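here are the coordinates; sequence isn't available:
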């Protein structure tokens with residue numbers, strides 16, 4: 001029969017090995033986290049840069065990065081923060097913001113996706129309305145719009161731009 005001290009030493013050794021394995025796993029997870037933090041900070045800095053002029057792709061440039069006038073179709077919708085202008089949004093998102101900002105200035109009411117689709121010049125068919133709904137939901141999830149009740153969107157104060 002094994003001794004009590006021998007059993008305790010065996011369990012202690014197993015526990016130490018488990019701790020060492022977890023420390024290795026923790027260091028790897030911390031390295032991944034650090035890469036994500038760095039990437040998020042870099043993207044935030046790029047999105048916060050002033051967009052004064054646009055240069056043609058491939059045009060020679062004196063410095064790096066090349067500033068552009070605004071986002072292009074297919075751009076990622078950034079999370080809203082102080083100082084971020086709707087010009088960083090892709091054109092279709094900017095149109096939604098402009099429409100809701102105009103509505104907000106006139107009577108302050110929210111709009112549903114059918115009204116938004118019609119205001120954007122789209123047919124009020126399910127496919128078009130759902131596309132507008134997806135864009136509005138994305139804007140709301142990232143803090144650009146408010147969704148007071150399901151499907152009713154409005155601009156959050158100060159985020160609609162000056163147009």
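It's in. None of the values given here were measured: they were computed from a predicted structure.

residue 129 against residue 118, yeah?
No. In this structure, residue 129 is not within contact of residue 118 by C-beta atoms under 8 Å, at 9.2 Å. Every residue, glycine included, has its C-beta placed from N, CA and C.

the two: which is more packed in?
Comparing residue 129 with residue 118 by other C-beta atoms under 10 Å, the one with more neighbours is residue 129, at 20 against 15.

list the residues that contact that one.
Applying C-beta atoms under 8 Å, 6 or more residues apart in numbering, we find residue 129 in contact with 113, 114, 117, 122.

can you check residue 109 too?
Residue 109 sits next to 103, 154 when contact means C-beta under 8 Å, 6+ apart.

so for stretch 93-112, what gets flagged as buried?
Residues of stretch 93-112 classed as buried under the neighbour-count rule (16 or more other C-beta atoms under 10 Å) are 93-101, 103-104, 110-112.

low-confidence stretches in this structure?
The model of the chain has pLDDT under 70 over residues 1, 51-75, 104-108, 158-163.

swap the cut-off to 50 and go again
Residues of the chain meeting the criterion pLDDT under 50: 53-60, 66-69, 163.

all helices of the protein, in order?
For the chain, applying DSSP state H gives helices covering 4-48, 91-106, 113-119, 126-141.

between the second one and helix 126-141, what angle do the directions make?
The reference is to helix 91-106. Here helix 91-106 runs at an angle of 70 degrees relative to helix 126-141 (axes from the mean of the first three to the mean of the last three C-alpha atoms, to 10 degrees).

other SSEs contacting helix 91-106?
With contacts defined as 3 or more C-beta pairs under 8 Å, 6 or more residues apart in numbering; DSSP states H and E, helix 91-106 has these neighbours: strand 111-112, helix 113-119, helix 126-141, strand 145-149, strand 152-155.
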